[in-house]
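> Here's a sequence, model it:
(2 chains)
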Amino acid sequence: MQNDTHHLLDAANQIILGKSHKIRLALCCLLARGHLLIEDIPGVGKTTLAHTLAKLLGLNYQRIQFTSDILPADIIGATIFDAKNLSFKFHPGPVFNQMVLADEINRATPKAQSALLEAMEEHHVTVEGKTYPLPRPFFVIATQNPSHQIGTFPLPESQLDRFLMRLELGYPNHEAERLLLKGQSRHSLIESLPVKLPPEQLLNMQHAVTQVHVSNAVLDYCLAIITFTRTSSDYHCGLSPRAGLALLNAAKAWAFMDQRDAVLPEDIQAVLAAVAGHRLRAGNNDSAAIVAPILARVPIH
Amino acid sequence: MNIAQNKNILIFLLASIGLIVFPHIANIPISFFIFFYFLLGWRFISIWKPTWLPNKLLVFLLTALGIALYYSEFQGIFGRDAGTRLFITALGLKLMEIKTGRDLYLITYLAFIVAASQFLYEQSLLMGAYILFVSCVLLATLVTINSSKPEALVALKTAGLIIVQSLPMAVILFVFVPRLEAPKWALFNEPRQTKMGLPDSMEPGSISDLGMSDELVFRVKFKGALPPPRQRYWRGPVLSYTDGKKWSQVSNMRFGRYLDKLVLKGQPYQYTLLMEPQNRPWVFALDMPAEFSQTLRRNAHYQLITQENPNIRAEYSLTSYTDYNTGYLTRTELKDTTQLPSPPSSKIDQLVKQLHGFDSPQEQFIQQLLNHFRKEDFHYTLTPPLMEENPIETFLFETRRGFCSHYAAAFVYLMRAAHIPARVVTGYQGGELNQTGDFLEIRQADAHAWAEVWLEHKGWVRFDPTAAIAPERIERGIDTDQLVPGGAISYAPTSAAAQEALNWLKQTRQLWSTIDYKWQRWVINYDNKNQASFLSSLGIADIKTMVYWMVGTIAAITALLSWILLYQKQKTIDPIMRTYNRFCKKLAKRGLIRGNSEGAKDFAARANQTLPEHASTINHITALFIKLRYGKNARPEDLALFNRRVGKFKI
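All right, here's what the predicted structure looks like:
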């Protein structure tokens, strides 16, 4: 089963060059049934990553470009009078897709943001008293410009918490950039991508991830990390219980991708920056730097 | 956040400082005290109203005020009082400028000095406990400054633990570090409040209420058996001169060398006497002191006088004999002890004649007189009526109520009227036996006056007229627990029920007294002399051995502590971890040290790079470890295999 993930990653690495670790984390997030937030400056491949994953996973994909005048109805859909049938009919919005790319989410007003975030959390949408379930699997990749740019509404901490992981893509390295410049257009490459992991298989995998064993030793380590963030003066507020669960789920997915049936402390360390970075928010956006004290000071016994 | 602005830390710090300076209320002028607490209060309010903090100019003015205060009570730059005041004022002023974490540390260390300075004034056990407590709070302040989430209880607990852990070391240093004797000129000789002791004169007629306190005067610990209660007379000043009302010491005491040789008989009593601080150089030895230390002197009245400062608690080793003969009477003594302000009145003469004072042997007359006190309507009371005029006659013929001074004075007067040399001796009588500590406690209430009569071939002989009228007073002692000022005197209860009721109270007091005695004996009086004798009892004779011992014990304690700590740690680790740690230790020999937060897999990967030739073994061991420690279904044989592989692993 894990071989498929390898093929998928290999294919993705052909499209997005030099970012294998980030792609791996993105897939890990997907397997852990979480949503992904990509935060970076425009043009480093955020959309391309989302698009590639959607294509490789064979998911229906829709992109929502968030702007300052977007309304909740533009995201979740609206009930419109059907003149032919003389009745009101619900027209599902772009959120009714298996994979949704919410581009530049922090450019929208908080009202629009929360419409999407509610759907993410509840896995269904309620319009005028009627509940419409969202498709499965349901995966949101939101991109965000650094919040110091003009015309942005930064997501509050409570909404950041809904994203299992936050990634920064960053610039590609020299070698990758050269290949990128030399190679074909990414668009056409993505169009020609085959489906590597059909949705049913993805659901199976998501289920398998939950079966990954977590030993007491790993739980101890996980608890030690949580306690450390709550008592250390480096952080404003520590990790919430939800964050702890997220950390463990992501670590499970990571272990699964590593073809193991048990979580190791290394798995937690691998996903820690992506899972905890945006939740700790210690003054900067560099997740790796934020969690560095945890990695250095919480001992593994 | 700046720790100097943290409310919790500041509250903690200010509270502990308030506690520390408080006992100094008895030691510094009230103006300093008020000034300090004014500043402390100001700072306390400023925690919530930071704008109220004084600016630089105001701080400068406050400093000037402090200096002015210091100058107004100026007592010199050196010495205990000046130093304490300076530290307290500086501490108060420093509170006004807490800006950085460094200021907090500075204040804490200043506070430690102020706390220690309290010991320059008082060294009691209770004060020691109090200072230890405030040190604990101060340590907790330091703990709070250095913790991310300050919590009062946790910090106090940590501080308490630190103090408890440091106590054994403190005890060892206390016992072994050579004691420094301060040179005489450096002694703190500031006047201090001393408890009122025995007066050097007595005027029974002018006292209508003998205030009695149960304040401790001295303690006595006997080497062997205790003398019987009727022998427990602790000799103080001897009053020979009288003007009819007042009895006082004679000024001429230089006849000591003309005295006859003292003949001592019977059983010697060896004891140590621990005097509480007092304002007179008197040492109340058991009648009659025979052997005493160099610092003591026995004057012509057989009273012991110390040549050292009586203001500090002192311990003396003495030997006394209760059976003695002072020999002949010197001419000075004869003159002094037969002196009367005026010829006795006819009434007195009548009484002496009636008791055959002039026509029978002296001893017979004394017996007659004592019988007279016993048979006639004389009463023992602590609240006698006033006898302003002619106190002796008023007492003998009218009121007939009085306490020891009245009886002793009247007795001596009548002796002198019969031309028998006699004098009043004051001091203490009796003392309460502390059962737990097996020592006698002599309190202010045990103050007593008795008479001495010179008899041919016997020398000075003690007669206690109070014993004739109130023998219980001598045999049993006054029960100070039941003393009600102005009320009837009560002797130690005889009924079992009453005894029972008071027993617990008495026992508690005795226990406390024992502890206090030990504290004085072993801690406060632990000077270089005591240290030397204590250490030599352990077989440590010279400084070199002492230092060896000190270093040795400290090393032993350190070793013991580390063993306990390490052993505990090892016990909590499970067998898998223990074996894995053994594996890590083996790799560490090749410079591969597993990081504190390095997982087994990462470590194995790193090890493989350095030791490619062992890669397969390392991987196998690591895989086994991961399976055992993190895996779902590890089997017991895996552990055995793991142990075996690690055991065989060699690099």
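> tell me the pLDDT at the closest residue to chain B within the stretch 51-200 of chain A?
Going by C-beta to the nearest C-beta, chain B is nearest to A:E157 of the stretch 51-200 of chain A, at 19.2 Å. Heads up, the C-betas are built off the backbone N, CA and C, glycines and all. On pLDDT, A:E157 comes in at 76.
> cool, and B:L210?
57.
> show me where pLDDT drops low in the stretch 1-150 of chain A?
A:1-2, A:147-149 (pLDDT under 70).
> can you give me the helices for it?
Taking DSSP state H, counting those that start in this stretch as the criterion, the stretch 1-150 of chain A contains helices spanning A:2-15, A:20-31, A:46-57, A:72-76, A:110-122.
> Now for the residue of the stretch 51-200 of chain A closest to chain B: which residues touch it?
Residues counted as contacts of A:E157 (C-beta atoms under 8 Å, 6 or more residues apart in numbering or on different chains) are A:279, A:281.
> Roughly how far does the residue lying closest to A:F163 once chain neighbours are set aside sit from A:R242?
Once flanking residues are discounted, A:F163 sits nearest to A:L37: 4.0 Å by C-beta to C-beta, 6 or more residues apart in numbering or on different chains. Per C-beta to C-beta, to the nearest Å, A:L37 is found 15 Å from A:R242.
> between those two, which one's more packed in?
Higher neighbour count among A:L37 and A:R242: A:L37, with 26 against 11, using other C-beta atoms under 10 Å in any protein chain shown.
> Roughly how far does the residue of the stretch 401-550 of chain B found nearest chain A sit from B:Q520?
Closest to chain A within the stretch 401-550 of chain B is B:M550: 37.0 Å, counting by C-beta to the nearest C-beta. B:M550 sits 24 Å away from B:Q520, going by C-beta to C-beta.
> Now do the strands in the stretch 251-400 of chain B.
B:263-275, B:282-283, B:285-286, B:289-291, B:296-298, B:304-306, B:314-325, B:379-380 (DSSP state E, counting those that start in this stretch).
> gap between the last one and the chain center?
So that's strand B:379-380. Offset of strand B:379-380 from its chain centre (C-alpha atoms, centre = their mean, to the nearest Å): 37 Å.
> so what strands line up beside it?
Using DSSP bridges, strand B:379-380 pairs in its sheet with strand B:401-402 (parallel).
> Kindly report the same for the second one.
Note on strand B:282-283: by DSSP bridges, its sheet partners are strand B:304-306 (antiparallel).
> who touches the partner strand?
B:235, B:275, B:281-285, B:289, B:292, B:295-299, B:314, B:316, B:318.
> Just give me the residue closest to the centre of the chain.
Let's take chain A. A:L36 (1.1 Å; C-alpha atoms, centre = their mean).
> Switch to chain B, please.
Judging by C-alpha atoms, centre = their mean, chain B has its centre closest to B:S124, at 3.8 Å.
> check contacts around the closest residue in space to B:H620 that isn't next to it in sequence.
Distance criterion C-beta to C-beta, 6+ apart; nearest residue to B:H620, sequence neighbours excluded, is B:R645 at 6.4 Å. With contact taken as C-beta under 8 Å, 6+ apart, B:R645 is in contact with B:617, B:620-621, B:624.
> what separates A:L36 from chain B, distance-wise?
25 Å (C-beta to the nearest C-beta, to the nearest Å).
> beta partners for that residue?
With DSSP bridges as the rule, A:L36 is bridged to A:I141, A:M165.
> Kindly report the domain assignment for the chain.
Chain wasn't specified; assuming chain A. According to automatic domain parsing, chain A is divided into the following domains: A:3-196, A:211-297.
> my bad, the chain I had in mind was chain B
B:3-176, B:201-482, B:528-567, B:575-648.
> re earlier: just the buried residues of the contacts of strand B:304-306.
Buried residues within the contacts of strand B:304-306, counting neighbours by 16 or more other C-beta atoms under 10 Å in any protein chain shown: B:235, B:275, B:281-285, B:289, B:292, B:296, B:298, B:314, B:316, B:318.
> What backbone torsions are found at B:L592?
phi -100, psi 100 (degrees, to the nearest 10).
> bridging residues for the residue nearest to A:F139 when sequence neighbours are not counted?
Leaving aside its chain neighbours, A:F139 sits nearest to A:M99 (4.9 Å; criterion: C-beta to C-beta, 6+ apart). Per DSSP bridges, the residues bridged to A:M99 are A:Y61, A:F139.
> What's the separation between the residue in the stretch 1-150 of chain A that chain B sits nearest to and B:F603?
Shortest the stretch 1-150 of chain A-to-chain B distance, computed as C-beta to the nearest C-beta: residue-wise this is A:H21, at 15.1 Å. Distance, A:H21 to B:F603, using C-beta to C-beta: 20 Å.
> still on that earlier bit, quickly compare the domains of chain B and say which is most buried.
Mean neighbours per residue, mean count of other C-beta atoms under 10 Å in any protein chain shown, is largest over the domains of chain B for domain B:201-482, with a mean of 18.
> Can you tell me what sits against stretch A:38-45?
A:16, A:19, A:46, A:49-50, A:141-146, A:166-172, A:186, A:278, A:285.
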